[in-house]
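Chemist: how would this look folded up:
(2 chains, ligands or ions: 3)
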Amino acid sequence: MSDLLKVTIDGNSIEVPPGTTIMQAARQLGGKYPPAMCYYEPLKNTGGKCRVCLVKVAQTSEANPRPMPKLVASCITRVEQGMVVENETSKEVLDARNGVVEFLLINHPLDCPVCDQAGECDLQNLSYEHGHEQTRYEEGRREFERIDIGPYVQLHMTRCILCYRCVYAADQLTGQRVHGVLNRGDVSEIGTYIQQSIENEFSGNIIDVCPVGALTDKTYRFKQRVWFSKPFDAHRNCDKCCGKVVLWMKGDTIIRVTARKNEFGEVTDFICNNCRFEHKQAADWTIEGPRVIDPESVIGANKYELPVVSPAVNVDAKFVSE
Amino acid sequence: MATKILLEHVGVEGIRAIDTYLAHGGYRSVGKALKEMSSDQLVEEVKTAGLRGRGGAGFPTGMKWSFLDKKSENPRYLVCNADESEPGTFKDRYLMERIPHLLIEGMITASYALGANTSYIYVRGEMMPVIRLLEKAIAEAYAKGYLGKNILGSGYNLDLYVQPGGGAYICGEETALLESLEGKRGNPRNKPPFPAVSGLYGCPTVINNVETIASVPWIVNNGGAAYASIGIGKSTGTKLISACGNIRQPGVYEIELGLPVEEFLYSDVYCGGIAEGRELKAVVPGGSSVPILPKELILKTAAGEPRLMSYESLAEGGFVSGSMLGSGGFIVFDDRACIVRNLWNFTRFYHHESCGQCSPCREGTGWMAKVLHRIEHGHGKMSDIDLLVDVAKHIEGKTICPLGDAAAWPVGSAIRHFRDEFEAHVKNPDSCLAKHLHGAYAHAASIM
Ligand SMILES: Cc1cc2nc3c(=O)[nH]c(=O)nc-3n(C[C@H](O)[C@H](O)[C@H](O)COP(=O)(O)O)c2cc1C
Ligand code: SF4
Ligand code: FES
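Modeler: Ligands and ions are numbered 1, 2, ... in the order given. The predicted model follows:
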């Protein structure tokens, strides 16, 4: 079809409709697409902030074969006809990305051993690939007090990388925007202004969109390292949300409920607080089967088997056999 | 005598009042533009003039105006950027304080050229007296029929508002300014879309600096060709330079572009030379964000040509041996100035003013400020110097808005030209020229 645009990323070409970003095209191509710490496709206006997704545009378009003067954020830059992009193949890109990861880490507490996010932390994963072994940063790190925002969520601002995802999530998923960014620069903080709590039926989703351990589930705090728990896809009939979740089990006990993330680590079907926080009995759910986990991931390292189905757990045979 | 386009009447007593301003030929351009010229003709005239943006980037104003999406169904806006907050730059305030009606007159003709019926002047919030002066001038202009409905019977309507800024340097960045004007947190936007397509409230918008807009009346009255005949090459017309540092006559000067730097620095008409019989050491010629140049490179280019006050000449040699005209904030350092301390001070500023949206600027500016604080106070290591260069490199060109570049350039250039001074601070902290100041800003470390 003639109105598709051809873009070449690291030597592989794909045709995409106008309006597609470099990041989206790269994800469709598969292989090594640029990482993202702030962009979150299901949430409008995200992206452009963290700069880990910078890529080099070696040829702007067929009509304009010049390179773009600076590296561009692939998550917000649209593809043009005949564009040529370098991601993993550009030294300049990898150097810039290492620089950004270093910046994200200098004020990050590196308290992974006591962080609930460890094992499913985007920053942890990113620094495995792009981090330095030793830090060049000798100065003091920024610290904030932990605050409880509402009955379910704890904000540990010290770990926040200011991706703004939770702000957009709160803005777009919930009726009333209850939090935003206060202050400026490296003392900016996610805040509810006068410590109002975040209380609405979809507020729990800010936990899932947080790429690090800044927003955590208070009902799950320190229950279990994530790689020791066993995730199952499950659903229930819910009149507020899709009711499709992941149950994180320790033996027969549900220790945590989250929304389901796709292959890019993004939730597309957000869930309500009722499903997330108030249904921790196995009998509340229809279990579809073990969640497929990327074998490369930290959680995947702990290969688990089908659960010993206790009578209380209601396994949907159709899902198990698949 | 050099041509005066902006400051010709600043010395006239009572020029802030509309009657005096009118008696000196004020508001002539409004009549001429609205009655004799089409908006397209006006845009062409500004193109012919070769006027370039005076806010720092020097982008051709006529071209910017012609990018405005005139096909859009939405209203169009002109926004004047009067947020002036760059250290060393204080020319817009001077102009607005001394001759506020010149800006109002420029806003009317420029708004007409763009087909805007609502325009804003976004003024740095700390400049309350200026805000009051502008509001008074606007009220006078409404009373005389230069603003409002059917201006001078031409059928053209314009409402003009003054908006005090929120007190942040970042709100001078044009898209942060628009966010702030819309009542939001002043975070710069990702571009594209550019304001010419989607600016204020998503409508086509032009943002221009105070001095840029104030140059328009003269262009309308005298023609673009006359304006283009002043200056040198692509640096046409006159430019306000705010000169500060240890010079005999600090202040705001209107120069014809192309004036030799040496003449500007040493002539009694301008800076009058270095004060207290000291020697020149270095100059930051265009506001705190542009590269610093040592004495040898500010008076002459690397090729030995005299350096001129023009966009091209100051940039001659790129960042290896040149700098930028920027916003015209001319900061002079004498032989007693400590380059390390000054750099720490600039960096501290950018750290404090970063909006915090993008990681390289949010984290990198603070890192550089802390390392510089250490070096300046005698706790530096040799490796810190290259670390600073590397951190600056990882910020430059990787951010959403140019504040990141503005923070990185001074670091790169100070180390490029004065590396020995940084090394001396590491080897022998007592050699610091500003050692006597070391206790003075003890609190600064605690707020970083
Ligand atoms: C951090 C930052 C601060 C700025 N502050 C100002 C300012 O105070 N005044 C100004 O006119 N331009 C400022 N600019 C430049 C504006 O973004 C914009 O380029 C300018 O207002 C355009 O006007 P001009 O074309 O007439 O120069 C700033 C840019 C940045 C990145
Ligand atoms: S470069 Fe700095 S000021 Fe500009 S958007 Fe990024 S964090 Fe904000
Ligand atoms: S993912 Fe593109 S800038 Fe953050």
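Chemist: which residues touch the residue of chain A positioned farthest from its centre?
Modeler: Ranked by distance from the centre of chain A (CA atoms, centre = their mean), the top residue is A:Ala63, with 36.2 Å. Neighbour list for A:Ala63: A:81-82 [criterion: CB atoms under 8 Å, 6 or more residues apart in numbering or on different chains]. Where C-beta positions appear, they are placed from N, C-alpha and C, glycine not excepted.
Chemist: state the distance from it to ligand 2.
Modeler: From A:Ala63 over to ligand 2 the distance is 30 Å, taken as CB to the nearest ligand atom, to the nearest Å.
Chemist: try B:Ser111
Modeler: 28 Å.
Chemist: just confirm that residue is within a helix.
Modeler: Yes: when DSSP: H, G, I helix; E, B strand; the rest coil is applied, B:Ser111 is found to be in a helix.
Chemist: burial of it, as a residue count?
Modeler: 28 (other CB atoms under 10 Å in any protein chain shown).
Chemist: pretty sure it contacts B:Leu158?
Modeler: Yes: counting by CB atoms under 8 Å, B:Ser111 does reach B:Leu158; the two are 5.3 Å apart.
Chemist: now do the shared contacts for the two.
Modeler: What both B:Ser111 and B:Leu158 touch, as defined by CB under 8 Å, 6+ apart, is the set B:117, B:119.
Chemist: identify the residues contacting residue 175.
Modeler: No chain in the question, so chain A it is. A:Gly175 neighbours (CB under 8 Å, 6+ apart): A:Asn200.
Chemist: could you do chain B instead?
Modeler: B:188-189, B:191, B:195, B:401.
Chemist: how about B:Leu178?
Modeler: With CB under 8 Å, 6+ apart, B:Leu178 has these contacts: B:79, B:189, B:195, B:199-200, B:205, B:207.
Chemist: longest helix anywhere in the chain?
Modeler: Defaulting to chain A. The helix that spans the most residues within chain A, counting by DSSP state H, is helix A:91-106.
Chemist: can you look at chain B instead?
Modeler: Assigned via DSSP H, chain B shows its longest helix as helix B:403-427.
Chemist: is any residue of that one near ligand 2?
Modeler: Yes: contact of helix B:403-427 with ligand 2 (CB under 6 Å from any ligand atom) involves B:403-404.
Chemist: so how far is that helix from its chain's centroid?
Modeler: 22 Å (CA atoms, centre = their mean, to the nearest Å).
Chemist: same for that helix, what does it pack against?
Modeler: strand B:280-284, strand B:293-294, helix B:318-321, helix B:339-353, helix B:359-376, helix B:382-395 (3 or more CB pairs under 8 Å, 6 or more residues apart in numbering or on different chains; DSSP states H and E).
Chemist: got a list of what A:His95 touches?
Modeler: Actually, residue A:95 is Asp rather than His. Listed by CB under 8 Å, 6+ apart, the contact partners of A:Asp95 are B:His394.
Chemist: A:Ile161 is in contact with B:Ser359, correct?
Modeler: Yes: if you go by CB under 8 Å, B:Ser359 and A:Ile161 touch, sitting 7.0 Å apart.
Chemist: overlap in contacts, the two.
Modeler: What both B:Ser359 and A:Ile161 touch, as defined by CB under 8 Å, 6+ apart, is the set A:50, A:104.
Chemist: count the residues that sit near A:Pro67.
Modeler: For A:Pro67, using other CB under 10 Å, the count is 13.
Chemist: ditto for the one 3 residues further on
Modeler: Counted by other CB under 10 Å, the residues lying close to A:Lys70 total 14.
Chemist: same check, this time on B:Glu140
Modeler: 20.
Chemist: list the contacts of it.
Modeler: B:17-18, B:101.
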